[in-house]
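Here is my input, please return the structure:
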Amino acid sequence: MAVYRKRISPIKPTESVDYKDIDLLRKFITEQGKILPKRSTGLTSKQQKKLTKAIKQARILSLLPFLNKD
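Numbering: from 1, shown residues only. Below is the predicted model of the structure:
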């Protein structure tokens, strides 16, 4: 019998994801600038969708890079 533990979300359910909060958004993108998947971030589906929208909006406004060519 496997025991499953409920994952603790890195973002509190009451906390909103904002495109202007670059420090928070940077935690959820890779070195190349890719958005991390839900299974590795530990977010809920709803939070992951909001996060993705915020990252894409920040990219459009040039707050985050589309890709890092280092």
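
which secondary structure elements does the helix or strand hosting residue 40 contact?
Using DSSP states H and E, residue 40 sits within helix 38-41. Packing contacts for helix 38-41, counted by 3 or more CB pairs under 8 Å, 6 or more residues apart in numbering; DSSP states H and E, involve helix 45-60. No exception for glycine: its C-beta is placed from N, CA and C like everyone else's.

Report the mean confidence score over the helix it packs on.
Averaging pLDDT along helix 45-60 yields 93.

what does it contact?
9, 11, 13, 16-22, 25, 28-29, 35, 38, 41, 43, 64-66 (CB atoms under 8 Å, 6 or more residues apart in numbering).

cool, stretch 23-42 as well?
Under CB under 8 Å, 6+ apart, the answer for stretch 23-42 is 7-11, 17-19, 43, 45, 48, 51-52, 54-55, 58, 64-68, 70.

how about 7 Å then?
With CB atoms under 7 Å, 6 or more residues apart in numbering as the test, stretch 23-42 has contacts from 7, 9-10, 45, 48, 51-52, 54-55, 58, 64-68.

do the same with stretch 3-13
Everything outside stretch 3-13 that qualifies as a contact, by CB under 7 Å, 6+ apart, is 17, 41, 42, 43, 44, 47.
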